[in-house]
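In: Sequence plus predicted model, see below.
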Amino acid sequence: MTKKEALAYRNRWRRVNQVIDDELRQTPPDVKFKKMDAAYRIAAGLGLLPRMKALKQKSEREVRRRWLRLKATTL
């Protein structure tokens, strides 16, 4: 692949991504909500939600721990 071909390839994908972004901006909120709901139901059906909840709790504990450590050093 030449430099010219690589640039053309990259520019084509930039245009594709721009079209996708434009379509998403024009999508009505109710359609976006239905898609989000479908994704949530798929995640629940696959058993991913308990793992996601555990990761979120772990992340929150880490944020609290850091906050307490920062608070202790500033006092």
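Out: Structure's in. What do you need?
In: Quick one: neighbours of Leu7, just the number.
Out: By the criterion of other CB atoms under 10 Å, Leu7 has 10 neighbours. Any C-beta I mention is one placed from the backbone N, CA and C, and that applies to glycine too.
In: for the one helix or strand it maps to, packing partners?
Out: Using DSSP states H and E, Leu7 maps to helix 3-26. Using 3 or more CB pairs under 8 Å, 6 or more residues apart in numbering; DSSP states H and E as the contact test, no helix or strand touches helix 3-26.
In: Contacts for it next, please.
Out: If you take CB atoms under 8 Å, 6 or more residues apart in numbering as the criterion, helix 3-26 is touched by Met1.
In: send the alpha carbons of the following helix or strand past it over as PDB?
Out: Downstream of helix 3-26, the next assigned helix or strand under DSSP H and E is helix 29-45. These are the backbone C-alpha positions of helix 29-45, laid out as PDB (Å, rounded to 0.1, in the frame of the first residue of the first chain):
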ATOM      1  CA  PRO A  29     -34.700   9.800  21.400                       C
ATOM      2  CA  ASP A  30     -37.300   7.000  21.500                       C
ATOM      3  CA  VAL A  31     -35.300   4.900  19.000                       C
ATOM      4  CA  LYS A  32     -32.100   5.500  21.000                       C
ATOM      5  CA  PHE A  33     -33.900   4.400  24.100                       C
ATOM      6  CA  LYS A  34     -35.200   1.200  22.500                       C
ATOM      7  CA  LYS A  35     -31.700   0.300  21.300                       C
ATOM      8  CA  MET A  36     -30.300   1.000  24.800                       C
ATOM      9  CA  ASP A  37     -33.100  -1.100  26.300                       C
ATOM     10  CA  ALA A  38     -32.300  -4.000  23.900                       C
ATOM     11  CA  ALA A  39     -28.600  -3.800  24.800                       C
ATOM     12  CA  TYR A  40     -29.500  -3.900  28.500                       C
ATOM     13  CA  ARG A  41     -31.800  -6.900  28.100                       C
ATOM     14  CA  ILE A  42     -29.100  -8.800  26.100                       C
ATOM     15  CA  ALA A  43     -26.500  -8.000  28.900                       C
ATOM     16  CA  ALA A  44     -29.000  -9.200  31.500                       C
ATOM     17  CA  GLY A  45     -29.700 -12.400  29.500                       C
END
